[in-house]
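**Student:** Okay, predicted coordinates and the sequence, questions at the end:
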Number of protein chains: 2
Amino acid sequence: MTLDSFLARYWPAIESEMRACLQSTPADAPELKRMLHYHLGWADRNLAPVQGPTGKRIRPALCLLSCEACGGSWPESIPAAAALELLHNFSLIHDDIQDQDEMRRGRPTLWALWGTAQAINAGDALFALSQLALLRLADKGIPPACTLQAIGLFNQACLAITNGQYSDISFEGRPTVPVGEYLAMIEGKTAALVAAACEMGALVAHGAGPEGTARSGICRKEMRSFGRHLGLSFQMQDDVLGIWGDPKTTGKPAGADITRRKKSLPILHGLERSAELRSLFAQENLAESDVQRAKHLLVESGSRVFAEELAREHHERALAALDRARPLAQPAAALRELVNRLVGRDR
Amino acid sequence: MTLDSFLARYWPAIESEMRACLQSTPADAPELKRMLHYHLGWADRNLAPVQGPTGKRIRPALCLLSCEACGGSWPESIPAAAALELLHNFSLIHDDIQDQDEMRRGRPTLWALWGTAQAINAGDALFALSQLALLRLADKGIPPACTLQAIGLFNQACLAITNGQYSDISFEGRPTVPVGEYLAMIEGKTAALVAAACEMGALVAHGAGPEGTARSGICRKEMRSFGRHLGLSFQMQDDVLGIWGDPKTTGKPAGADITRRKKSLPILHGLERSAELRSLFAQENLAESDVQRAKHLLVESGSRVFAEELAREHHERALAALDRARPLAQPAAALRELVNRLVGRDR
């Protein structure tokens, strides 16, 4: 079975579970519901149903594949998968306000349409809904103690996200940031939720069995490690593509991250090493020739190779952790294919 | 035992539980922790410990008293009490941003000190911490199934709060709002969390026994109803005091809610009945004589009596629900005393 056949099986189940969770929205807040449906790509701004952009549902897919890889039955982990995607979307709603981004997935963001106050509130509603989504694990016969563990993992990941977000926001006011601080930031902002997605899949797979067996412990630990390294590698690759990616593939103008002076891995590494880059970045405006020069300097300072090598290292460590979890062959092959799509040469 | 002796016993336990929950904040985010300590009244803006204003911790007190009233052991419900107070404080952080309020409890608000982006994020962190706080019920020997029910109640209350908040924010852009819509708004914004606090106390009291007994069901239902009516009555009283309260007691200038054209119960009732009030409120600025005239019109239109009567009705219904829960004598007497302090003549 290929990755795509796994994904094709999962997709409708994820969508219908997420929609069922949204039904918990009180009936007397049709507008609030509309905002959430819009953000999730299910409606236009008037709540007319559309097939809008939904994102790739990567975290739910990782959760379900991890569950199968650890010998579990994927439908049992559907509530966890839906909760992860709702939580991810909550964080995007608040992130867009924090970054003052007016567009997401080709459409105006919630705050751009409904204002900051309502968008903060819509994010909070989605946060509460993601918590309620997890409680639906009980309906799948998952033992209460296992559900509580999943809730713990989930909220520790939330906390790590806010921790990373704190750093990311505070970076904005600083001329540069040491690479070490940047790496700590993406542990929270990017890697924590991917790690939690994979561990939750493993947890649900083993949850029905006796608690705390050695097998279950190893599986959870290694799947968590798999997710963490995958998340880190993904972010680092994304940073490289933000400078050298093909605009046709990335959807962003070439060298976009240089123009925006984004504090990404290659740039921070370069700023530590090149005085010329530091003075370029201190300029008011960057001309096209400056962007080209900056790209050249980042290559010269070894910053491109540094970021690519570190991304590759985490890629390899993700695959090694997956192997140590001794996963079932078919879902493991699908996970490797997904990794390759996200951070490998197929990207 | 008087109310104050109950409260004196609870206070240190609530504070130390909340502090223990905050310890879950990752050690590498000292600034984020500082913001939360500041908001909770434990620190000044430099994280130097101070005994700052903390609020009255009413929701935790209601939870613990409800637990005792239903025959439970209050220390078992301490994690629920702490979670409720953390959730309440999360909602205040976001509320202050949404309302652009620069002061709370006599000090600058989080967003006023650290900016909107960081304040949204700090609120999110506190939301996640409140969820983790609930998981500590397990350490008190509360059965997992009961903890899951508490988590469900808690997040349904969250969702109701966001629902009420949606309405409250949307009211701002409207010249007036029907009284019925206002009442639906305060069900979510004010009453839902007070209702959840009381029901969670009852739930923990009965949680150790066989699930779903008739006794437990009645107790939960009536304590929830008690909390709901108390919350509604409290909000209505607060609305009356916002116009006719003694500035020495309320800490707000006399007639403050008229000057701010706040959409409170007496004002909305008056706007429905008095054309003169409507034209007064349509003026650009309200002089002191206009405020006096508006107060007079609100009395004349029966709006003051309407709000006072409705507050009294919910007050009585709260006490009746408490009686139907057949509570233990001492904690019930303390609850009645607390009700009287919040919405009675002692206020």
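**Tutor:** Structure received.

**Student:** drop to CA atoms for contacts and neighbour counts, all remaining ones
**Tutor:** OK.

**Student:** measure residue A:59 to chain B for me?
**Tutor:** 19 Å (C-alpha to the nearest C-alpha, to the nearest Å).

**Student:** Work out for me the element that residue sits within.
**Tutor:** helix A:58-69 (DSSP states H and E).

**Student:** Distance from the chain centre to that helix, please.
**Tutor:** Centre-to-centre, helix A:58-69 and its host chain are 13 Å apart (C-alpha atoms, centre = their mean, to the nearest Å).

**Student:** After that helix, which helix or strand is next?
**Tutor:** helix A:78-99.

**Student:** Near the residue nearest to residue A:71 when sequence neighbours are not counted, how many other residues are there?
**Tutor:** Closest residue to residue A:71 apart from its sequence neighbours, by C-alpha to C-alpha, 6 or more residues apart in numbering or on different chains: residue A:205 at 6.1 Å. Per other C-alpha atoms under 10 Å in any protein chain shown, the neighbour tally for residue A:205 reads 26.

**Student:** mind saving the C-alpha coords of the helix or strand bottoming out on mean pLDDT in chain A as PDB?
**Tutor:** Least confident helix or strand of chain A, by mean pLDDT, DSSP states H and E, is helix A:247-250 with a mean of 83. Extracted in PDB, the C-alpha atoms of helix A:247-250 (Å, rounded to 0.1, in the frame of the first residue of the first chain):
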ATOM      1  CA  PRO A 247       9.200  30.300  -6.500                       C
ATOM      2  CA  LYS A 248       7.000  28.000  -8.600                       C
ATOM      3  CA  THR A 249       7.200  25.300  -5.900                       C
ATOM      4  CA  THR A 250       7.300  27.500  -2.700                       C
END
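
**Student:** Counting by contacts, list what it packs against.
**Tutor:** On a contact count with 3 or more C-alpha pairs under 8 Å, 6 or more residues apart in numbering or on different chains; DSSP states H and E, helix A:247-250 meets no helix or strand.

**Student:** what's the following helix or strand past it packed up against?
**Tutor:** Scanning forward in sequence from helix A:247-250 by DSSP H and E, the next helix or strand is helix A:256-259. Helix A:256-259 sits against helix A:214-244, helix A:288-300, with contacts defined as 3+ C-alpha pairs under 8 Å, 6+ apart.

**Student:** How far off centre is helix A:256-259?
**Tutor:** Worked out by C-alpha atoms, centre = their mean, helix A:256-259 lies 21 Å from the chain centre.

**Student:** So what touches the following helix or strand past it?
**Tutor:** For helix A:256-259, the succeeding helix or strand toward the C-terminus, using DSSP H and E, is helix A:265-273. Here helix A:265-273 makes contact (C-alpha atoms under 8 Å, 6 or more residues apart in numbering or on different chains) with A:176-179, A:182, A:236, A:239-240, A:258, A:277-278, A:297-298, A:301-304, A:306-307.

**Student:** which parts of the helix or strand just after helix A:265-273 are buried?
**Tutor:** Downstream of helix A:265-273, the first helix or strand assigned by DSSP H and E is helix A:275-282. For helix A:275-282, the neighbour count (16 or more other C-alpha atoms under 10 Å in any protein chain shown) marks A:277, A:278, A:280, A:281 as buried.

**Student:** by contact count, what packs against the host helix or strand of residue A:330?
**Tutor:** Applying DSSP H and E as the criterion places residue A:330 in helix A:329-343. Counting contacts by 3+ C-alpha pairs under 8 Å, 6+ apart, helix A:329-343 packs against helix A:3-22, helix A:58-69, helix A:214-244, helix A:303-324.

**Student:** make it 7 Å
**Tutor:** Applying 3 or more C-alpha pairs under 7 Å, 6 or more residues apart in numbering or on different chains; DSSP states H and E, we find helix A:329-343 packed against helix A:3-22, helix A:58-69, helix A:214-244.

**Student:** Output that helix as CSV, nothing but the C-alphas.
**Tutor:** Extracted in CSV, the C-alpha atoms of helix A:329-343 (Å, rounded to 0.1, in the frame of the first residue of the first chain):
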residue,chain,number,x,y,z
ALA,A,329,6.3,-2.8,7.4
GLN,A,330,3.5,-1.1,5.4
PRO,A,331,2.7,1.9,7.5
ALA,A,332,6.5,2.3,8.1
ALA,A,333,7.1,2.4,4.4
ALA,A,334,4.3,5.0,4.1
LEU,A,335,5.9,7.1,6.9
ARG,A,336,9.3,7.0,5.1
GLU,A,337,7.5,8.1,1.9
LEU,A,338,5.9,11.0,3.8
VAL,A,339,9.2,12.0,5.3
ASN,A,340,10.8,12.0,1.9
ARG,A,341,7.9,14.1,0.6
LEU,A,342,8.3,16.6,3.4
VAL,A,343,12.1,16.8,3.8
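
**Student:** Of all the residues in it, which ones are buried?
**Tutor:** By 16+ other C-alpha under 10 Å, the buried positions in helix A:329-343 come out as A:330, A:331, A:332, A:333, A:334, A:335, A:336, A:337, A:338, A:339, A:342, A:343.

**Student:** ok, those vs residue A:34, which is closest?
**Tutor:** residue A:342 (31.4 Å; C-alpha to C-alpha).

**Student:** quick revisit: and for the least confident helix or strand of chain A, what's in contact with it?
**Tutor:** Here helix A:247-250 makes contact (C-alpha atoms under 7 Å, 6 or more residues apart in numbering or on different chains) with A:253, A:254.

**Student:** shouldn't residue A:38 be in contact with residue A:46?
**Tutor:** No: Residue A:38 lies out of contact with residue A:46 (C-alpha atoms under 7 Å); the separation is 8.4 Å.

**Student:** So if I had to pick from the two, which one is more boxed in?
**Tutor:** Between residue A:38 and residue A:46, residue A:38 has the larger neighbour count (other C-alpha under 10 Å), namely 24 against 11.

**Student:** The nearest residue to that one once chain neighbours are set aside - how many residues pack around it?
**Tutor:** Computed as C-alpha to C-alpha, 6+ apart, the closest residue to residue A:38 that is not its neighbour in sequence is residue A:44, at 5.5 Å. By other C-alpha under 10 Å, 18 other residues sit near residue A:44.

**Student:** Can you pull the phi and psi angles for residue A:44?
**Tutor:** Phi and psi for residue A:44, reported as degrees, to the nearest 10, are phi -90, psi -170.

**Student:** How much space separates it from chain B?
**Tutor:** 19 Å.

**Student:** on that earlier part again, please convert the helices and strands packed on helix A:256-259 to JSON lines, extending it with mean pLDDT and distance to chain B.
**Tutor:** Listed next are the helices and strands packed on helix A:256-259 as JSON lines, based on pLDDT from 0 to 100; distance: least, C-alpha to the nearest C-alpha, whole Å:
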{"stretch": "helix A:214-244", "mean pLDDT": "95", "distance to chain B": "17"}
{"stretch": "helix A:288-300", "mean pLDDT": "96", "distance to chain B": "29"}
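
**Student:** So which of those helices is the most surrounded?
**Tutor:** Highest mean neighbour count of the helices and strands packed on helix A:256-259: helix A:214-244, a mean of 23 (counted as mean count of other C-alpha atoms under 10 Å in any protein chain shown).
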